[in-house]
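# Kindly generate the corresponding structure for this input.
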Amino acid sequence: MKFKLKEDLLLGTATAATQIEGGDQNNNWARFAAQGKIKDSTTPVRADDHYARFKEDIDLMAEMGLQIYRFGIEWSRIEPQRGMYSEEVISHYREEIEYMKSKGIMPLLTLHHFTNPLWFEDMGAFEHKESPEIFLSFVKKAITSFGDLVSEYITINEPNVYCVNSLFWGEWPPEKKSLASLVKAFSNMTAAHVLAYTYIHEARREMGYTDTKVSFANHLRIFEPENPKNPFHRLASSLTNYLFQGAITTAMMSGKCRFPVLRRKGVKKGKFYDFIGINYYSRSTVKGLADGVRDDCQKNDMGWEIYHEGLLELSERLYEKYQAPVYVTENGTCDNSDSFRPRFIYDQLKLICERENHIMRYYHWSFTDNFEWKEGESARFGIVHVDYETQKRTVKNSGKLYASIIENQGVTEESYETFVKNSQYHN
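You can find the predicted model right below:
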């Protein structure tokens, strides 16, 4: 064996509803795509047709031996108009959850993953002062509908990425560049998480369940100064770290709010997590407030640095502060040819399994290739290839390696020779 899995480590994959389902035109990203804002002119209205093909996809997950699956529900399908809910859609999601559980796959349900119903988007989404209560109404419907089937929840995915890309850099809908908008959304998303966390526990307790686990998926990265001896680079690194992830992490985990997160009604100091959810992809090299990458590092197909040690650094940093199990709610890489992804998976899991840490779950991003937001279909993150024209699924070598790791509880010499040995990063 090249390495053995930790005994308590579960392996699975993660997806987001809008990125795989197809068919829904009632959300802000479908409209954004219709306006011609996606780099390759594709649209999430196509995506992977998973809404119709979920049994095919779950069967494939089961064949690969996946133990856990983080998936999302589409708010705009469930509540197409404010206060009006689709029982047909709710029945569909219940069937999907029941099917994955029948295959022995444990669900982790994401309630908000970047996309908004058009009615919510057009009233200002998370900039609106009533947005925490509006989101809570949706959460109440979701828990009433799925609370008997699901015990583990992500309230909000990557609030920092959502806010910064949509309202500060203006790259995502609604393409705003406003510090005031950023502060409103940071503050309201914190309140939305706190209210949802509290409600989910109360509701499932009333249902008679004691196994509830709730957190949020926190996009974290390592920020390092380009020149550690340059005081301006060090200051920019520290400031970027705080503004992008430090303040929002503290607020959502503990209710302690400091600028740029302001305290909203209903937010008190407390503990609003049952596990530490980390989405980790890269390290940023900083000399100003913009993102940067080292010249001499290994990069993926989107130009992000591949830096495996960062995941361990961040997980232990947060564990030391918050003392809860760590779920790697996303980790993966853009590799359109699947030429280095097997090496990526091998290196990351080997590090997790051989170095002391508190990681209990690893959700690889992503199960299938999908609609990758502004990049559209041009950026492939999946361990399963999707031919978007035919919707044919084909397990990649990285997927075959991942399945063999689960089956053998580690990487055998044979798997290493077959999938990893000739898989190399490029600069």
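# neighbours around Gly270, how many?
12 (other Cβ atoms under 10 Å). (Each C-beta comes from the backbone N, C-alpha and C, glycine too.)
# by contact count, what packs against the helix or strand containing Ser91?
Element membership for Ser91, per DSSP states H and E: helix 87-102. For helix 87-102, the packing partners by 3 or more Cβ pairs under 8 Å, 6 or more residues apart in numbering; DSSP states H and E come out as helix 50-64, strand 68-72, helix 75-78, strand 106-112, helix 131-146.
# rerun that using 7 Å as the cut-off
helix 50-64, helix 75-78, strand 106-112, helix 131-146 (3 or more Cβ pairs under 7 Å, 6 or more residues apart in numbering; DSSP states H and E).
# Take the ones you listed and write them to CSV, including mean neighbour count.
Output for the helices and strands packed on helix 87-102, formatted as CSV (neighbours: other Cβ atoms under 10 Å):
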stretch, mean neighbour count
helix 50-64, 18
helix 75-78, 24
strand 106-112, 23
helix 131-146, 20
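# List just the one of these that sits closest to Gly303.
strand 106-112 (26.6 Å; Cβ to Cβ).
# Give the rounded mean pLDDT of the closest one.
Averaging pLDDT along strand 106-112 yields 98.
# Ile276: neighbour count?
Counted with other Cβ under 10 Å, Ile276 comes out at 28.
# Pretty sure it sits against Tyr322.
Yes: proximity of Ile276 to Tyr322 meets the contact threshold set by Cβ atoms under 7 Å, at 5.7 Å.
# thinking again about what came up before, could I get the helices and strands packed on helix 87-102 in CSV, plus columns for distance to Asn165?
Output for these, formatted as CSV (distance: least, Cβ to Cβ, whole Å):
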stretch, distance to Asn165
helix 50-64, 24
helix 75-78, 19
strand 106-112, 15
helix 131-146, 18
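# quick check: longest strand of the chain.
strand 213-225 (DSSP state E).
# Now do that one: which elements does it pack against?
For strand 213-225, the packing partners by 3+ Cβ pairs under 7 Å, 6+ apart are strand 152-157, helix 159-163, helix 179-206, helix 231-241, strand 276-286, helix 309-322.
# one more time with 6 Å
Here strand 213-225 touches strand 152-157, helix 179-206, helix 231-241, strand 276-286, going by 3 or more Cβ pairs under 6 Å, 6 or more residues apart in numbering; DSSP states H and E.
# remind me which residues of this protein are low pLDDT?
Where the chain drops to pLDDT under 70, the residues are 289-291, 427.
# Settle this for me: Asn336 is touching Arg380, isn't it.
Yes: counting by Cβ atoms under 6 Å, Asn336 does reach Arg380; the two are 4.7 Å apart.
# neighbour count winner among the two?
Neighbour comparison, Asn336 and Arg380: the larger count goes to Arg380, with 22 against 15 (by other Cβ under 10 Å).
# Could you pull up the residues touching the more buried one?
Applying Cβ atoms under 6 Å, 6 or more residues apart in numbering to Arg380 gives the contacts 336, 369.
# oh, and call the first residue 52 from now on, that's how I've got it
Got it, first residue is 52 now, which makes that one Arg431.
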